[in-house]
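Visitor: The sequence isn't on hand, but the structure is:
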């Protein structure tokens, strides 16, 4: 499968979408940013773009555009809580390195 999610990530995204009350799913994409070149983007999707692909994972639609998919194929989305901090983590087999602050990665 192109995209996987841990049970914690599935439940968190389902909760976000339910609280929002609308949306087709969650967009997983990339933007140019940081020291290493690329950063992950998560946002709600209300309308699909022409080059979007939908990957259904445990009832959650993950939407990825064609340009980003090249770098995200095989990614696992996780949601972790560590003390007072919580957030999504990206386990990307295509990433060759990260910057020191963890904001961006390179392929």
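Guide: Alright, I've got the coordinates. Keep in mind the model is a prediction, meaning the values are calculated, not measured.

Visitor: Where does residue 27 sit, in terms of helix or strand?
Guide: strand 25-33 (DSSP states H and E).

Visitor: residue ranges of the strands in the chain, please?
Guide: 3-5, 25-33, 37-45, 52-57, 60-65, 75-82, 85-91, 97-98, 105-106 (DSSP state E).

Visitor: Direction included, what does the first one pair against?
Guide: Strand 3-5 has its sheet partners listed here by DSSP bridges as strand 75-82 (parallel).

Visitor: Who are the contact partners of the nearest residue to residue 30 once chain neighbours are set aside?
Guide: Of all residues not flanking residue 30 in the chain, residue 68 sits nearest, at 4.6 Å (C-beta to C-beta, 6 or more residues apart in numbering). No exception for glycine: its C-beta is placed from N, CA and C like everyone else's. When contacts are counted by C-beta atoms under 8 Å, 6 or more residues apart in numbering, residue 68 touches 28, 29, 30.

Visitor: Relative to residue 63, which of those residues is nearest.
Guide: Nearest to residue 63 among those, counting by C-beta to C-beta, is residue 28 at 7.2 Å.

Visitor: do you know which of the strands of the chain lies nearest residue 19?
Guide: Using C-beta to C-beta, those put strand 37-45 closest to residue 19, at 10.8 Å.

Visitor: Name the residues of the closest one that come out as buried.
Guide: 38, 39, 40, 45 (16 or more other C-beta atoms under 10 Å).

Visitor: pLDDT averaged over it - what is it?
Guide: Model confidence over strand 37-45, given as mean pLDDT, is 88.
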